[in-house]
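J.: Generate a structure from the sequence data that follows.
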Amino acid sequence: MDDPALQALFLPFLDGTLSPPARLAFLRARNGQGLQQFRSVFSRVSIVAEQSFRPFADALPLAGVDVGAQVQGRFEAVLLLPPRQRGEARELLAHALDCAMPGALVVASVANNEGARSIESDFAALAGPLSTLSKHKCRVFWTRVDATHVDAALAQRWTDDAAPRAIADGRFISRPGVFAWDRIDSASALLAAHLPADLAGRGADLGAGYGYLASEVLARCAQVDALDLFEAEARALDLARVNLPAAAASHARSPALRYFWHDVTQGLPHRYDFIVTNPPFHQGRADEPELGRRFIRVAAQSLHPHGRLLLVANRHLPYEQTLQQSFARTRVLADAHGFKVIDAQEPRP
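T.: Have a look, this model is predicted:
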């Protein structure tokens, strides 16, 4: 995909303004043209990447980059692509300083329409004076870590502000940066309100987030024997692991729970009696209906012949044709507040 922030991040190195060390850390790393150009010029530089979003993590080894959920140790240079959510971005800025040796270079890139000026201002408040470059409708800013300029108290406050916390009157633990992190998503709530009580057997929640919809399945459906949660964002899945066990323990059948850090668009490893999902439909800020359509097709491929898909989507999204191609029977269970809940049964071969 087009990734101007990634391309801009490496410009100070490619134009000779900055020189990379032999080994660097790359936080919220992504693969793409900018990284590949950097690798072609600086092939001997070792890059250790951190990426919790599975599709991006899976792509990084293709560029010869070692990747994990979190980097270990300290580095002579730290590169980062801060996210749009400001609390999460502030935590990442503080984390970048933790990964940096004294005097290390820290470089960040943010698209203008993703809050570049605000995040640059935050970084200056945290780390002191910055150098800045504008290119590709992005801002790249960097500094060398100087302990006399770093506001350690601010870094700690931002780290604490982004830590997991109770939401929804204490029902769940969540944190900034996770989808609908500080509330119960209204689309998921509509689907939960229309879950058929007779869902039974082994089920899956695709794009499970911090676990709200899965918890509602356990609360409303007494015949569930097992439930698998699939989520591409490891930070969200870690929260689900905290949020779900109590709901399973109070269920009549104590259903087994399994958690998969997984890109649903690549297919599922198991087959199910039912699947529930509130599929993603954004790539950055742009609508990307093909994501939701792919979730529907994967669900159909992963259900038993008499399996059932319960899906919620924004009313304007064009999923009907894909549903009709993938299932013998579909019906709308609810249409309210801009969302529609669809019950699709009998997946086509």
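
J.: Got the phi and psi for the residue of the chain positioned farthest from its centre?
T.: The centre of the chain is farthest from one residue, T148, which by C-alpha atoms, centre = their mean lies 34.7 Å away. Torsion angles at T148 (phi, psi; degrees, to the nearest 10) stand at phi -70, psi -20.

J.: Quick one, grab the pLDDT at it.
T.: pLDDT recorded at T148 is 96.

J.: any idea of the pLDDT on M1?
T.: At M1, the model reports a pLDDT of 60.

J.: Where does pLDDT dip in the stretch 201-349 of the chain?
T.: For the stretch 201-349 of the chain, applying pLDDT under 70 flags the ranges 282-287.

J.: mind checking how far the residue farthest from the centre of the chain is from P102?
T.: The gap separating T148 from P102 is 11 Å, by C-beta to C-beta, to the nearest Å. Quick note: C-beta positions are derived from backbone N, CA and C, even for glycine.

J.: cool, and I47?
T.: Taking C-beta to C-beta, one finds I47 at 21 Å from P102.

J.: From the neighbour counts alone, determine which of those two ranks first.
T.: I47 (23 against 10; other C-beta atoms under 10 Å).

J.: What residues does the more buried one make contact with?
T.: R23, L24, A25, F26, A29, R39, G64, V65, D66 (C-beta atoms under 8 Å, 6 or more residues apart in numbering).

J.: of those, closest to Y319?
T.: Y319 lies nearest to A29 out of those, by C-beta to C-beta, at 32.0 Å.

J.: That closest one touches V65, doesn't it?
T.: Yes - using C-beta atoms under 8 Å as the test, A29 is close enough to V65 to be in contact (6.6 Å).

J.: So the two - more neighbours on which side?
T.: A29 (26 against 20).

J.: burial measure for the closest residue to that one other than its chain neighbours, as a count.
T.: Leaving aside its sequence neighbours, A29 sits nearest to A49 (C-beta to C-beta, 6 or more residues apart in numbering; 3.6 Å). Number of residues near A49 (other C-beta under 10 Å) recorded here: 24.

J.: Within its sheet, name the partner strands of the helix or strand hosting A49 and how each one runs.
T.: Here A49 sits within strand 46-50, counting by DSSP states H and E. When pairs are called by DSSP bridges, strand 46-50 turns out to pair with strand 23-27 (parallel), strand 66-68 (parallel).

J.: Can you mark which positions in the helix or strand just after that strand are buried?
T.: The first helix or strand that comes after strand 46-50 along the chain, using DSSP H and E, is helix 54-59. The neighbour-count check on helix 54-59 (16 or more other C-beta atoms under 10 Å) flags R54, F56, A57, D58, A59 as buried.

J.: what's the spatially most central residue of the chain in contact with, if anything?
T.: The chain has E233 as the residue nearest its centroid, 3.7 Å off, counting by C-alpha atoms, centre = their mean. Neighbour list for E233: S52, F53, R54, V178, F179, G209 [criterion: C-beta under 8 Å, 6+ apart].

J.: how close does the closest residue to the fifth one other than its chain neighbours sit to F230?
T.: I take that to be F179. In this structure, F179 finds its nearest non-sequential neighbour in G209, 5.2 Å apart by C-beta to C-beta, 6+ apart. As for G209, its distance to F230 is 11 Å (criterion: C-beta to C-beta).

J.: ok, so of the contacts of E233, who is nearest H337?
T.: Distances from H337 to those, taken as C-beta to C-beta, are shortest for F179 (17.6 Å).

J.: A236 is in contact with the closest one, correct?
T.: Yes - using C-beta under 8 Å, F179 is in contact with A236, at 6.8 Å.

J.: Find residues that contact each of these two.
T.: Residues touching both F179 and A236 (C-beta under 8 Å, 6+ apart) are G209.

J.: Counting neighbours, go ahead and name the busier of the two.
T.: A236 (24 against 17).

J.: ok, and for whichever strand or helix holds the more buried one, which residues are buried?
T.: Mapping A236 onto the secondary structure by DSSP H and E places it in helix 234-243. By 16+ other C-beta under 10 Å, the buried positions in helix 234-243 come out as A234, R235, A236, L237, D238, L239, A240, N243.

J.: Helices of the stretch 151-300 of the chain, start to end?
T.: Ranges of helices in the stretch 151-300 of the chain, per DSSP state H, counting those that start in this stretch, are 152-161, 186-193, 212-220, 234-243, 245-249, 289-302.

J.: Let me have these in TSV, adding distance to P279 as columns.
T.: Converted to TSV, the helices of the stretch 151-300 of the chain look like this (distance: least, C-beta to C-beta, whole Å):
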stretch	distance to P279
helix 152-161	30
helix 186-193	10
helix 212-220	11
helix 234-243	14
helix 245-249	22
helix 289-302	4
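
J.: Tell me if I'm right that L97 and R144 touch.
T.: No - counting by C-beta under 8 Å, L97 does not reach R144; the two are 11.5 Å apart.

J.: Between these two, point out the one with more neighbours.
T.: L97 (20 against 16).
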